Structures are given as C-alpha cells and as structure tokens.
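Chemist: Take this sequence and fold it.
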Amino acid sequence: MGKEAKTNAMRMLDRKKVKYEAIAYDCGEFIDGIHCADITGAPHDQSFKTLVMEGKSGGYYVFVVPIEKEVDRKAAAKSVGEKTVDMIHVKDLTKITGYIRGGCSPLGMKKNYPVVFDQSAENFDEIYVSGGRVGLTLKVPLKDLLDVTQGKLAPITME
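Modeler: Down below sits the predicted model:
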C-alpha cells in the first residue's frame, strides 16, 4: 500500500504526538458503522460513531457513541447543559464539521465543538473512531482522545 494521505484527524493526533493505528478499508460509498467494524475486524462494542447535534441555544455538540447504540437525546442534552438537542441535517454536516456522512471524526473538525463520549468507552484502553473520511478508521487510546478533543465521558445512550 502506498503512503496514506493524512486526514485532519490524523494530523491533529500527530501534532499531539499521539500513537494511533490507522486502518484503511475498501468501501465505495457510505456504509454504517457496523459494516465498517465487520470489514476491519474491530469489536462492535469498542467501535464508536460520531453524531453532531444542535442544542436549543443554537450551539453544536459532538456525541461519540457505540455503533450498535442510539443516543439518548435527553441525556445528551443534559451532558452539555442544554434543554434539548437534535441531529443536524446531513446536508449541513460538511459546512459545520468539514466532514461528510460516514467519514465524520470527533477529531479535526472545522471548529472545536464540545465533545462527549458515551460512558461505556471507559471500559476500553483504546476505541475505534472514524479517521475523517469514508474508508478510514482510527484505533486511538481513549485517554488521548479525551485529551485532544477536550472531551468528557457521560451516560448518553439508550439502554
């Protein structure tokens, strides 16, 4: 394989001298996180998807949840001090984050939005997140993800 083009997410980790594993896979178009994990061999419970939501105040928030779970909007809102949060429209994703659907990473967005990881992430030393483009997953130590994103842990998924 030739030299992999770096994404903003990878550059951000490199700047902070974070050791990570980049896993590229063939995928012509967007597929969901479960299929990505199956292709890469990543355990489902250790694989996380990135969701961007807008609060009642108009602020944007990034929620990182296990691929097999759904975000609990009430718990997510509470975790960021909002009354409510709603998913942004897919058509607005690139304008807000710089990423496209299926390639949205919690790292290296256009702006530093507040980031909340589901509490279940603390069960793992490393988790898998999008590398910033479709067909790229990053395996990153959780403590480094929390540090680089200035993120926090909270119970934000439905049981």
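
Chemist: After the worst-scoring helix or strand of the chain on mean pLDDT, heading C-terminal, what element do we hit next?
Modeler: In the chain, no helix or strand scores lower on mean pLDDT, DSSP states H and E than helix 33-40, which sits at a mean of 76. Note on helix 33-40: by DSSP states H and E, the next helix or strand toward the C-terminus is strand 48-55.

Chemist: just checking, what packs against that following strand?
Modeler: strand 60-66, helix 73-79, strand 85-87, helix 90-97, strand 126-130 (3 or more Cβ pairs under 8 Å, 6 or more residues apart in numbering; DSSP states H and E). No exception for glycine: its C-beta is placed from N, CA and C like everyone else's.

Chemist: Any chance you could list what contacts the third one?
Modeler: Applying Cβ atoms under 8 Å, 6 or more residues apart in numbering, the external contacts of strand 85-87 come out as 51-56, 61, 73, 76-77.

Chemist: If I look at the residue nearest the centre of the chain, what pLDDT would I see?
Modeler: The centroid of the chain falls nearest to T50 when counting by Cα atoms, centre = their mean (3.2 Å). Looking at T50, its pLDDT stands at 94.

Chemist: Could I get the contacting residues of it?
Modeler: T50 neighbours (Cβ under 8 Å, 6+ apart): 62-64, 104-106, 129-130.

Chemist: mind running it again at 6 Å?
Modeler: Taking Cβ atoms under 6 Å, 6 or more residues apart in numbering, we find T50 in contact with 64, 104, 106, 130.

Chemist: Check the first one and give its pLDDT.
Modeler: Read that as V64. On the pLDDT scale, V64 gets 98.

Chemist: May I ask you to confirm that it is in contact with L107?
Modeler: No - the pair V64 / L107 is not scored as a contact, 10.1 Å apart, by Cβ atoms under 6 Å.

Chemist: Right, I'll call it a day here.
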